[in-house]
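A.B. asks: Return a 3D structure for these sequence lines:
(chains A, B, C and D)
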2 protein chains.
Amino acid sequence: MSTIGKALTLLDAISRLEKEAGLSDIARHCGLDKATARRFLVELEKHGFVEQDAETRRYRLGGAPVRLARIREARFPYLSVATPFARELASLAGETVHLSEYAAGRLSTVHVEDSQRAHRVIVDVGSILPFHATASGLGFLAFCPPKDIDAALSAPLKAFTDQTLTDPAALRQTLGETLRRGYSICHHGLESGVVSVAAPIRAPGSTPVGAIAIAAPATRADKETVEKMGRAAMAAARRISERLFGLEQLAADPLARRAG
Amino acid sequence: MSTIGKALTLLDAISRLEKEAGLSDIARHCGLDKATARRFLVELEKHGFVEQDAETRRYRLGGAPVRLARIREARFPYLSVATPFARELASLAGETVHLSEYAAGRLSTVHVEDSQRAHRVIVDVGSILPFHATASGLGFLAFCPPKDIDAALSAPLKAFTDQTLTDPAALRQTLGETLRRGYSICHHGLESGVVSVAAPIRAPGSTPVGAIAIAAPATRADKETVEKMGRAAMAAARRISERLFGLEQLAADPLARRAG
DNA sequence: GTCTTTCGGTTCAATATATGAACCTTAGCT
DNA sequence: AGCTAAGGTTCATATATTGAACCGAAAGAC
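C.D. replies: Residues are numbered from 1 along each chain as shown, chains lettered A, B, ... in the order given. This is a model prediction of the structure:
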């Protein structure tokens, strides 16, 4: 792997840590030599991607990504367009709603609207959503071209719970149903006791850019409720997609179109 | 410079471009060989920091920073805390307000609240604010330790307008006045016809993390109005600082403390 | 239509850069 | 005191980076 790749992998690892970490910790966590990890950290710090606490000497995520994210958002306003719909959906469903975006081959959570209920599902911003074990992942993948599906299903599929689907054939069938239905359903895929539904956000005839999902405790997710939530998620996804990729916007600002 | 540094510099250059750019353009812009630029772009793309448009083959900023920024914001909620105050300040002053954050040795704009007036100052999200030629820069620098001031003033100081202060001695005096006054004033520093005021956002006794500024057309900025705006900016900065670095928060979440 | 230029992208020998075992110093623990 | 593990540094070695020259495609020029 190139040096750049290693450094960005280290940055990713830092972003995944619960809290700030020390040099040795980070090096171990990334399988890098301490000296190498240090050089990477120093370099990343120079550019504001990580910060070192002056007292504890521990490292944490820096402020540079904030600037980049604001620029990105100014050109492709995914969050600012989708967030209001997510909020509306959360209040309609009374359950936690999260938005994900596809980048670097993974679907990651970029926004969460918490349910107002005491008993609710918690989703962390920044968490990675496995394609095979989440409604977001399935809803995204189902609308991807076959080669992407093959790639995703040929990777090792971890069973997060004893009900996680890991058989590629079964998953393909699930994806087929999702495609026909327009939204995905995932029972206990990533965590036991959680049922979620999701629909892809996408330009017509193009690879999705992300997904919007509702996650509810299984005790509140009877068949009828799941269907209702699924249809609502699908409607929200369609409205977001129209806002992002609608003809006017597309003509006015070609930047709004994504690769793929 | 290390490979990582060069790659991050390239990323920075892309973020600075008005719109997506081709390979040769980018290479020229960064003084890199085309082959090198390409390898960097491919590597950055693998990690989602840039995207290549499938049709035009041009490159643009990717979605990965959005995830990192959301994580950063979840741990150090600079934007979500400061934005409401910025909005309030913008409506109070009736002028454009912008928030900046210090990262990678530079002060960059991370949020803008536009004035509602037709004749107003436009500030771009993501733009870099020179220390010597903006109210934000001066307001930030004035509250930094002497070594940071020395470093900032020993760099070449570009005259953006014929009224930009570029003499280190004169700037030191301005910084002294700013420190005593509590907010900075900048007349026509970056652009002619613009007057701005700013105050630093900071933990008590520590290096600032950013600044909040009001920018107004000079025609609306008589002495009295400038004073009023300056005091308002200072008050907003203080309230933001208290929210970010207040004792409770500090005790509850040491992550909220910044390096420096 | 043909010629020319420029584009995105690739190759491979030359070379600059990254690497990591061993090291130092400090801080906390037994 | 003595031990362990922390953050950080060094420098000969090994490896990844570099860029001139190259290719095919496409956009202009004439």
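A.B. asks: hey, let's count contacts and neighbours off CA atoms from now on
C.D. replies: Noted.
A.B. asks: Relative to residue A:34, how far out is whatever residue of the stretch 1-150 of chain A ends up closest to DNA strand D?
C.D. replies: Of all residues in the stretch 1-150 of chain A, residue A:22 sits closest to DNA strand D, at 2.9 Å by CA to the nearest atom of the strand. The gap separating residue A:22 from residue A:34 is 11 Å, by CA to CA, to the nearest Å.
A.B. asks: swap in residue A:47?
C.D. replies: With CA to CA as the criterion, residue A:47 and residue A:34 are 20 Å apart.
A.B. asks: Show me which of the two is the more surrounded one.
C.D. replies: Neighbour count, other CA atoms under 10 Å in any protein chain shown: between residue A:47 and residue A:34, residue A:47 has more, with 23 against 16.
A.B. asks: need the contact list for the more buried one.
C.D. replies: A:64, B:5, B:8, B:103-105 (CA atoms under 8 Å, 6 or more residues apart in numbering or on different chains).
A.B. asks: Who wins on neighbours among these?
C.D. replies: If you count neighbours using other CA under 10 Å, the busiest of these is residue A:64, which has 27 neighbours.
A.B. asks: okay, the contacts of residue A:47 in a markdown table with secondary structure and distance to DNA strand C next?
C.D. replies: Converted to a markdown table, the contacts of residue A:47 look like this (DSSP: H, G, I helix; E, B strand; the rest coil; distance: CA to the nearest atom of the strand, whole Å):
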| residue | secondary structure | distance to DNA strand C |
| --- | --- | --- |
| A:64 | helix | 20 |
| B:5 | helix | 7 |
| B:8 | helix | 12 |
| B:103 | strand | 21 |
| B:104 | coil | 18 |
| B:105 | coil | 20 |
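A.B. asks: Could you identify the most distant pair in these?
C.D. replies: B:5 and B:103 (14.8 Å; CA to CA).
A.B. asks: Which strand residues bridge the residue nearest the centre of chain A?
C.D. replies: The centre of chain A sits closest to residue A:108, judged by CA atoms, centre = their mean, with a distance of 2.2 Å. In this entry, residue A:108 is beta-bridged to residue A:101, residue A:128, by DSSP bridges.
A.B. asks: Residue A:98 is in contact with that one, correct?
C.D. replies: No - using CA atoms under 8 Å, residue A:108 makes no contact with residue A:98, being 10.1 Å away.
A.B. asks: in chain A, which ranges drop under the pLDDT threshold?
C.D. replies: A:247-260 (pLDDT under 70).
A.B. asks: which parts of it sit against DNA strand C?
C.D. replies: Residues of chain A found near DNA strand C (CA under 7 Å from any atom of the strand) are A:3, A:6, A:32-36.
A.B. asks: Whichever of these end up buried, select them in ChimeraX.
C.D. replies: Only the buried entries of those go into this ChimeraX selection, using 16 or more other CA atoms under 10 Å in any protein chain shown:
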select /A:6,34
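A.B. asks: Could you list which of the residues of chain A next to DNA strand C also contact DNA strand D?
C.D. replies: Applying CA under 7 Å from any atom of the strand to the residues of chain A next to DNA strand C, those adjacent to DNA strand D are A:3, A:34-35.
A.B. asks: show me which of those neighbour chain B.
C.D. replies: residue A:3 (CA under 8 Å from any CA of the partner chain).
A.B. asks: wait, which of the ones next to DNA strand D among the residues of chain A next to DNA strand C is closest to residue B:18?
C.D. replies: residue A:3 (28.4 Å).
A.B. asks: Surely that closest one touches residue B:3?
C.D. replies: Yes - Residue A:3 lies in contact with residue B:3 (CA under 8 Å); the separation is 7.1 Å.
A.B. asks: Quick check on residue A:121: phi, psi?
C.D. replies: phi -90, psi 140 (degrees, to the nearest 10).
A.B. asks: Residue A:213: neighbour count?
C.D. replies: Residue A:213 has 34 nearby residues by other CA under 10 Å.
A.B. asks: Show the backbone phi and psi for the nearest residue to it once chain neighbours are set aside.
C.D. replies: Leaving aside its sequence neighbours, residue A:213 sits nearest to residue A:198 (CA to CA, 6 or more residues apart in numbering or on different chains; 4.0 Å). Backbone geometry at residue A:198, expressed as degrees, to the nearest 10, gives phi -160, psi 160.
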